[in-house]
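Trainee: Next come a sequence and a model predicted from it.
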Amino acid sequence: MTALSRTPRETSVNLAVNLGGLSMKNPVTVASGTFAAGREYHDFVDVASLGAVTTKGVSLNGWEGNASPRIAETPSGMLNSIGLQNPGVAHLKEHELPWLAEVGATTIVNVSGHSFDEYVRVIEALEEAPVDAYEINISCPNVDAGGMTMGCHVPSVEKVVGMCREATKRPLIVKLTPNVTDITEIARAAEAAGADALSLINTLLGMAIDAKRRKPQLARVVGGFSGPAVKPVALRMVWQCHQAVKVPLLGMGGISTGIDAVEFMLAGATSVAVGTANFANPRATVDVIDGIIDYCEEQGVKDVNELIGALEC
Amino acid sequence: MSSLINENAVILSNQQVGPRLHLMVLEAPEIAARVAPGQFVHMKVPRMDDHILRRPFSIYAADAAAGTVDILYQVVGYGSDHMTGLEAGLCAELMGPVGTGWHAGENVERALLVAGGVGAAPLFMLAEQLVGRGVKLDVVLGAQTEQALVCRSRYEELLGCCPNCSTDDGTFGRPGFCTSLVEEALAVAENEGRPYDYLAVCGPEPLMRIVARLAQAHGVPAQVSMEKRMACGIGACLSCVVDTVDGKKRACVDGPVFDSQKVVW
């Protein structure tokens, strides 16, 4: 077997993008929660060669997460109800962020909380740490407090984003849930409250049933739906938000190839995240970057920024 | 953390060996050379693109010289049913070798291995290792029927005698569950003045729980191999966690093998 490269191939195409003040060497990061803090994937991917590593959601103190089973496979997708299990921000600071800094990765930390105050305290705990941007998670469908409960209503979105904005000058990305009537309303609220960029979509709330046992497949009954099956929904929402706000977008939802990524950029995303695809293909991120390069070279695109919002319709 | 590889493995054979039980042999020289007893591979099953997750399979046997690994699988759902139709010559991506396998300490002198159903496969490389080390080894195999005792002949060849078997329907060995054989083996070893100093069990969770309690009652250190729904298989996604006295641990990399007293059953 020939060893596959852990880095994207060489190209003369400019791949660098700027996501609301965050410089990325290429437009590809990972969806929070699918990549831990990068170390587990380092056998397959040089994480420093990615546009950024987005870490698993971190809260102030450790969270146990939900009961098992936590996942279920569905046609062209999967459900998860992990529930933001994490060992807390001190552990991230002590063990993961120094490693990411040492290997030279660009780092986005996904910030979670049970309360408005907890988001701020997590950011405060990280202000001296090697972090390049924060992604504010107001969209996790698998927790009873914080997460999506905060991201579905304009007043709570304005409040939590405003409080985080006051806590840091670093680029602030707000991650949106698709489980709302009108995502552009939430996007505008986050932008108005000081977000530098928006990431979307988090998972769609779904469920799966074992008919023979008459039981839900997930212990929590409902969970977050991801994978190729959600891509059309994600593309539509990125396209809607691109028309609704001026801040740049980090698009995600079912991306597993370079062409998928290009589609998100055409719909208006400045950068993209690979999520569920990492599970089947641990090298998916590098494959996506290589696929973007292939597309640009074939299409005569010299700068990947030309693709952003270039959809003709 | 040991390094993982993703190997494009050619399926050399894929045959039914018992009721809903199939043996797949794959050419995977890099994994075959490195795999330790109790580790597994995470397989991207070919021709099943709308099923996006890999499937974990324990390694039944590895032949480093021939560069092959054997996987014993049971048909339990869409994916495993689909696998029965894969012909020799097709390629399957295998990531591995994954996980923390069995660990019988250097001082172990007498060991008991207990398998329920396809749990006999993940224990076989351990059996080979222990026999190679000169450990006095007893094996208990339980299955639903005689036809389902598909690993019996390999164990027989290795041990030079038939392992202690039970079948639910009484068609071979002791009728009923294998737990009575385990209780007897523990008692006999004690009475002989040479109690077991290591026990490994793999099978359905209720069986592992009962055997773990028996081992504990007899003061025998025991290990179990936990099976959970898994996504990434490399420790990142936290799908496959097992409740332990030290909190939730990942079956894929912290396990699949755990000390039985660490598991919160």
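Mentor: Happy to help now that I have it.

Trainee: quick one, what contacts whichever residue of the stretch 101-250 of chain A sits closest to chain B?
Mentor: Chain B sits closest to residue A:227 of the stretch 101-250 of chain A, with a gap of 5.2 Å, by CB to the nearest CB. Heads up, the C-betas are built off the backbone N, CA and C, glycines and all. Contacts of residue A:227 were listed using CB atoms under 8 Å, 6 or more residues apart in numbering or on different chains, and they are A:74, A:76, A:77, A:78, A:254, A:276, A:277, B:52.

Trainee: Touching, the second one and residue B:52? I think so.
Mentor: Yes - Residue A:76 lies in contact with residue B:52 (CB atoms under 8 Å); the separation is 6.3 Å.

Trainee: between the two, who's got more neighbours?
Mentor: Comparing residue A:76 with residue B:52 by neighbour count (other CB atoms under 10 Å in any protein chain shown), the higher total belongs to residue B:52, at 25 against 15.

Trainee: For the more buried one, give me its contacts.
Mentor: Taking CB under 8 Å, 6+ apart as the contact definition, residue B:52 lies against A:73, A:76, A:77, A:78, A:227, A:228, A:276, A:277, A:279, A:280.

Trainee: continuing past the helix-or-strand element of chain A with minimal mean pLDDT, what's the next helix or strand?
Mentor: Averaged element by element with mean pLDDT, DSSP states H and E, chain A has its least confident helix or strand at helix A:148-151 (a mean of 86). Next in sequence after helix A:148-151, counting helices and strands by DSSP states H and E, comes helix A:154-167.

Trainee: Count the neighbours of residue B:21 for me.
Mentor: Counted with other CB under 10 Å, the burial measure for residue B:21 works out to 21 neighbours.

Trainee: Look at the residue of chain A most remote from its centre and tell me its secondary structure.
Mentor: Relative to the C-alpha centroid of chain A, counting by CA atoms, centre = their mean, residue A:212 is the outermost residue, at 35.4 Å. Per DSSP: H, G, I helix; E, B strand; the rest coil, the local secondary structure of residue A:212 is coil.

Trainee: quick one, phi/psi of it?
Mentor: Dihedral angles phi and psi of residue A:212 (degrees, to the nearest 10) take the values phi -60, psi -40.

Trainee: since we're on residue 67, how many residues are nearby?
Mentor: Looking at chain A here, since you left the chain open. When neighbours are counted by other CB under 10 Å, residue A:67 registers 14.

Trainee: That was the other one, I meant chain B.
Mentor: By other CB under 10 Å, 17 other residues sit near residue B:67.

Trainee: right, and it touches residue B:28 too?
Mentor: Yes - taking CB under 8 Å as the contact criterion, residue B:67 and residue B:28 are neighbours in contact, 6.9 Å apart.

Trainee: circling back: dump the residue contacts of the residue nearest to the residue of the stretch 101-250 of chain A closest to chain B when sequence neighbours are not counted.
Mentor: What sits nearest to residue A:227 in space, not counting adjacent residues and going by CB to CB, 6 or more residues apart in numbering or on different chains, is residue A:77, at 3.4 Å. Applying CB under 8 Å, 6+ apart to residue A:77 gives the contacts A:225, A:226, A:227, A:228, A:229, A:230, A:254, A:276, B:52.

Trainee: Same question for residue B:50.
Mentor: Shown in contact with residue B:50 (CB under 8 Å, 6+ apart): A:75, A:76.

Trainee: now residue B:70, which residues is it bridged with?
Mentor: According to DSSP bridges, the partner residues bridging residue B:70 are residue B:25, residue B:61.

Trainee: ok, it to chain A distance?
Mentor: Noted for residue B:70: a distance of 19 Å to chain A, by CB to the nearest CB, to the nearest Å.

Trainee: How about residue B:206?
Mentor: Residue B:206 sits 16 Å away from chain A when distances are taken as CB to the nearest CB.

Trainee: Confirm that residue B:243 sits in a strand.
Mentor: Yes - according to three-state DSSP, residue B:243 belongs to a strand.

Trainee: wait, does the longest strand seen in chain B contact chain A?
Mentor: Longest strand in chain B by number of residues, with DSSP state E as the criterion: strand B:5-18. Yes - judged by CB under 8 Å from any CB of the partner chain, strand B:5-18 and chain A are in contact via B:5, B:6, B:7, B:8.

Trainee: Figure out the length between the terminal residues of stretch A:9-29.
Mentor: Taking CA to CA, to the nearest Å, stretch A:9-29 runs 16 Å from one end to the other.

Trainee: Buried ones in that stretch, by neighbour count?
Mentor: Of all the residues in stretch A:9-29, those buried under the rule 16 or more other CB atoms under 10 Å in any protein chain shown are A:11, A:13, A:15, A:17, A:19-20, A:22, A:24-29.

Trainee: Is it in proximity to chain B?
Mentor: No - judged by CB under 8 Å from any CB, stretch A:9-29 stays clear of chain B, getting no closer than 14.6 Å.

Trainee: what is the mean pLDDT for that stretch?
Mentor: Per-region confidence: stretch A:9-29 scores 98 on mean pLDDT.

Trainee: Now pLDDT too, for the residues of strand B:5-18 next to chain A, in JSON lines please.
Mentor: What follows is these, written out as JSON lines (pLDDT from 0 to 100):
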{"residue": "B:5", "pLDDT": "93"}
{"residue": "B:6", "pLDDT": "95"}
{"residue": "B:7", "pLDDT": "95"}
{"residue": "B:8", "pLDDT": "96"}
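
Trainee: want to throw these into CSV with distance to residue A:258 and neighbour count?
Mentor: As requested, the residues of strand B:5-18 next to chain A are arranged in CSV below (distance: CB to CB, whole Å; neighbours: other CB atoms under 10 Å in any protein chain shown):
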residue, distance to residue A:258, neighbour count
B:5, 24, 17
B:6, 19, 22
B:7, 24, 23
B:8, 21, 14
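
Trainee: what's the burial count for the residue in the stretch 151-300 of chain A that chain B sits nearest to?
Mentor: Of the residues in the stretch 151-300 of chain A, the one nearest chain B is residue A:279, at a distance of 4.5 Å by CB to the nearest CB. Burial of residue A:279, expressed as a neighbour count using other CB under 10 Å, amounts to 26.

Trainee: My guess is it contacts residue B:238. True?
Mentor: No - in this structure, residue A:279 sits apart from residue B:238 without contact. The criterion is CB under 8 Å, and the distance is 11.8 Å.

Trainee: burial count for the closest residue to chain A within the stretch 151-265 of chain B?
Mentor: Of the stretch 151-265 of chain B, the residue with the smallest distance to chain A, taken as CB to the nearest CB, is residue B:236 at 3.9 Å. Taking other CB under 10 Å as the criterion, the count of residues near residue B:236 is 25.

Trainee: remind me which residues of the chain are low pLDDT?
Mentor: No chain in the question, so chain A it is. Residues of chain A that meet the criterion pLDDT under 70 lie in A:1-3.

Trainee: if you could check chain B rather than the one you did, that'd help
Mentor: Across chain B, the stretches falling below the confidence threshold (pLDDT under 70) are B:1-2.

Trainee: list the contacts for the residue nearest in space to the middle of it?
Mentor: With the centre of chain B defined as its mean C-alpha position, the nearest residue by CA atoms, centre = their mean is residue B:122, 1.9 Å away. Residue B:122 makes contacts with B:37, B:38, B:40, B:58, B:59, B:60, B:202, B:225, B:256, as judged by CB under 8 Å, 6+ apart.

Trainee: Show me which pair in those residues is furthest apart.
Mentor: With distance counted by CB to CB, no two of the contacts of residue B:122 lie farther apart than B:60 and B:256, which are 14.3 Å apart.
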